[in-house]
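> Got a predicted structure plus its sequence, pasted below:
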Amino acid sequence: MSTSPTPPPGCPAHGVGPEGLRRLYGPEAEADPMGLYEKLRAEHGQVAPVLLQGDLPAWLVLGHRENLDVARTPSRFSRDSRRWRDMREGRVGPEHPLTPVAAWQPVCNFVDGADHERLRAAVTDSINRFDRRGIRRYVTRFANQLIDEFAGAGQADLVSRFAEHLPMLVMTQLLGMPESYGPRLVEAARDMIKGTETAVASNEFVMQTLQQLVERKRATPGHDFTTWLLEHRSALTDDEAIQHLRVVLIAAFETTANLIANTVLMVVTDRRFRASLSGGHMTLPDALEQVLWDEPPFTTILGRWATGDTELGGQRIKEGDMLLLGLAAGNVDPEIRPDLTQPVHGNRSHLAFSGGPHECPGQDVGRAIADTGIDTLLARLPDIQLAVAEPDIPYRSSLMSRHMVELPVRFTPKPSMPAQTASSELPAPRRSEPLPEAAGPRPPAAVPAAEAKRRSGTWWRRWFSGH
Ligand code: HEM
């Protein structure tokens, strides 16, 4: 009898499944997703057959050009998951791990054509009404507040103390929520995404907060995203508005947090940036674009579904097949980047925000939060450096993302900014009228883990957790 610890081929711990196809899930894939993409590229070219959870077949698009082809031609590759053959034929039941991320929902990221145009126009037109300088003022103010909380200590984990909080604090302000809701929403959204025991209650807290926000803005319009969404000519129902507020909050939160953490890491460790930043050749926006090429916050996007039999990258795709946009793999496609050590010098033709009709409408907001936030951090703590060796920085990978878990740094302790200086230098953000605490949603209460897992099956949670 063999005593080998090697799992049998049917076991998901194995990187190779039935018919010799590689699994895009499980320990091997999570340990080194970029290494796996390169193996797939070597074996299959720019479009590779892979297995997803439950060994469901899919195509991973690895080529830069092929990713853009898919993203830009919804007539061949639809965003509507109701076309997925495996789901139509009952192989993806309610308990399947991909159901939360793939089950169709009436939001802009699951529809094409006129329906998409209507919903997306409401989102993009409302985002575009923001004055970019106004956004930067909020970012500076919240970044200073967060830095004040740890500046005196001489050390901090910048993921949990800075990167994870800044985007949500800014988004609550842009959405027109009371400032006091920022920290609670950060906690709730983190909790919801991480699928902890209180995930269901956290999701309900977010939903109640958004519902209350919509009611208030219908009654008393303001100068904010929520009001503009409600007033938009697309005439969203309250339910559509709430769903899209949630899409925006979740789409903005973890992606931007990831971008901040990875850019800080690059700025403090990468000699190209250190030398260039001090020498004035490399700007922070350049560093951001480099990270968007090398560590895109979404490594893949699930998904697109073939509207008919077609061909892509030499592979025969069948009607109803699922495709994943391989954003991280496309960004290192040797056809466009033969030498990965060459800096990209601010080139924006990466795939981090995808392309075509669904291209991320919030990219300038994400960039502004990351850029201004890091600028503020480096101005306040100029000698910031890593407190651990770079290889010891923990990451967590899933099907759609690879994100930093902790970023321990140290620096010369600095006093907090005097409140007077802070408030006189930084314009106070416009505050919404505070919600009466008693009427506000209550903080999430614990629910059993199994129940949380069953009930919190929402598409965005799986974007990040991947389980
Ligand atoms: C660095 C930060 C961000 C990254 C890397 C990012 C990336 C992406 C990607 C890859 C998509 C999917 C596109 C597709 O399906 O092909 C997307 C969609 C979307 N993002 Fe972002 N995003 C970021 C920040 C934001 C922010 C700040 C907002 C809102 C202010 C936002 C709002 C959205 C929305 C509404 C969609 C759905 C668009 C549609 O389906 O038409 N994102 N984002």
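That came through, no problem. Numbering: from 1, shown residues only.

> how much space between residue 52 and residue 322?
For residue 52, the distance to residue 322 (C-beta to C-beta, to the nearest Å) stands at 8 Å. In short, each C-beta sits where N, CA and C put it, glycine included.

> Please enumerate the shared neighbours of those two.
Common contacts of residue 52 and residue 322 (C-beta atoms under 8 Å, 6 or more residues apart in numbering): residue 58.

> Stretch 226-245: which residues count as buried?
226-230, 232, 234, 236, 240-245 (16 or more other C-beta atoms under 10 Å).

> Please disregard the earlier target; I meant stretch 182-193.
So stretch 182-193, judged by 16+ other C-beta under 10 Å, has buried residues 182, 184, 185, 186, 187, 188, 189, 190, 191, 192, 193.

> That one and the ligand in contact?
No: using C-beta under 6 Å from any ligand atom, stretch 182-193 stays clear of the ligand, with a minimum separation of 13.2 Å.

> Put the alpha carbons of that stretch into CSV.
Taking Å, rounded to 0.1, in the frame of the first residue of the first chain, the C-alpha atoms of stretch 182-193 are listed here in CSV:
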residue,chain,number,x,y,z
GLY,A,182,-17.5,55.5,7.8
PRO,A,183,-15.8,53.4,10.4
ARG,A,184,-18.8,51.2,10.9
LEU,A,185,-19.3,50.6,7.2
VAL,A,186,-15.6,49.8,6.8
GLU,A,187,-16.0,47.1,9.5
ALA,A,188,-19.2,45.8,8.0
ALA,A,189,-17.9,45.7,4.4
ARG,A,190,-14.7,44.0,5.5
ASP,A,191,-16.6,41.5,7.5
MET,A,192,-19.0,40.8,4.7
ILE,A,193,-16.3,40.2,2.1
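
> so where's the stretch 251-400 of the chain uncertain?
For the stretch 251-400 of the chain, applying pLDDT under 70 flags the ranges 271-281.

> Quick check: residues of it near the ligand?
251-252, 255-256, 259, 297-298, 301, 352-354, 358-363, 365-366.

> Let's see that with 5 Å instead.
251-252, 255-256, 259, 297-298, 301, 352-354, 358, 360, 362, 365-366 (C-beta under 5 Å from any ligand atom).

> between those, which is nearest the ligand?
Of all these, residue 362 has the smallest distance to the ligand: 2.0 Å, by C-beta to the nearest ligand atom.

> okay but that closest one is in contact with residue 248, surely?
Yes: counting by C-beta atoms under 8 Å, residue 362 touches residue 248, with 6.8 Å between them.

> who touches both of the two?
By C-beta under 8 Å, 6+ apart, the residues touching both residue 362 and residue 248 are residue 127.

> tell me which element the closest residue to residue 300 other than its chain neighbours falls in.
Leaving aside its chain neighbours, residue 300 sits nearest to residue 324 (4.6 Å; criterion: C-beta to C-beta, 6 or more residues apart in numbering). Taking DSSP states H and E as the definition, one finds residue 324 inside strand 322-325.

> Not counting that strand itself, show me its contacts.
With C-beta under 8 Å, 6+ apart, strand 322-325 has contacts from 24, 50, 52, 56-61, 67, 70-71, 77, 84, 86, 102, 300-306, 312, 317, 351, 354.

> and those, which of them are in helices?
Cross-referencing those against helices under DSSP state H gives 67, 70, 71, 86, 102.
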